[in-house]
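J.: Here is a sequence with its predicted model. Questions after.
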Amino acid sequence: MRRSRNGSGEEVKYHKLRRNVDDGFIDLQFQRPPPKIPYKAISLATVLFVIGTVLLVIGSMLLTGYIDAKYGDRTWPVIILGAIMFIPGAYHVRLACYAYKGYDGYSYDDIPEFDE
């Protein structure tokens, strides 16, 4: 119990009220669990990124004539297939890198997981 003086000089007794109300919540349930890293999805994205990059480079070499013209009929299919693999691979590898670095707005939850 504490005593203090109010503005008129009188002593006022007061004590801190205790809260005995149990609302059923604990602090731990409001904390986010550590992120689960989707290794399988990240590895697939990395494979798509690497193979797509290789196919785009080969397609570009075919298009420019750096590789012999006898393979000219394979130029556009290689470029299209490379782009189809490169775009999602690069996107998900970028998401994984930003989540790893801890940038605001990026998390491993943005990368789809493979459920077995």
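T.: Structure received.

J.: chain center to the host helix or strand of Tyr100, what's the gap?
T.: Using DSSP states H and E, Tyr100 falls within helix 75-101. Here helix 75-101 is found 16 Å from its chain centre; the criterion is C-alpha atoms, centre = their mean, to the nearest Å.

J.: Point out the other helices and strands that it packs with.
T.: helix 39-64 (3 or more C-beta pairs under 8 Å, 6 or more residues apart in numbering; DSSP states H and E). (Glycine included, C-beta is placed from N, CA and C.)

J.: in the helix it packs on, what counts as buried?
T.: 41-42, 44-45, 48-49, 52, 55-56, 58-59, 62 (16 or more other C-beta atoms under 10 Å).

J.: now do stretch 81-100
T.: Under 16+ other C-beta under 10 Å, the buried positions of stretch 81-100 are 81-82, 85-86, 89, 92-93, 95-96, 99.

J.: Which one of those residues is nearest to Phe114?
T.: His92 (12.4 Å; C-beta to C-beta).

J.: Tell me who's in contact with the closest one.
T.: Contact analysis of His92 by C-beta atoms under 8 Å, 6 or more residues apart in numbering lists 41-42, 45, 48, 111.

J.: contacts for stretch 77-87?
T.: Contacts of stretch 77-87 (C-beta under 8 Å, 6+ apart): 48-49, 51-60, 62-63.

J.: I'd like those residues laid out as CSV, including distance to Tyr14 and pLDDT.
T.: As requested, these are exported to CSV (distance: C-beta to C-beta, whole Å; pLDDT from 0 to 100):
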residue, distance to Tyr14, pLDDT
Leu48, 68, 97
Phe49, 67, 98
Ile51, 74, 98
Gly52, 72, 98
Thr53, 72, 98
Val54, 76, 97
Leu55, 77, 96
Leu56, 76, 97
Val57, 78, 96
Ile58, 82, 92
Gly59, 81, 92
Ser60, 80, 92
Leu62, 86, 88
Leu63, 85, 89
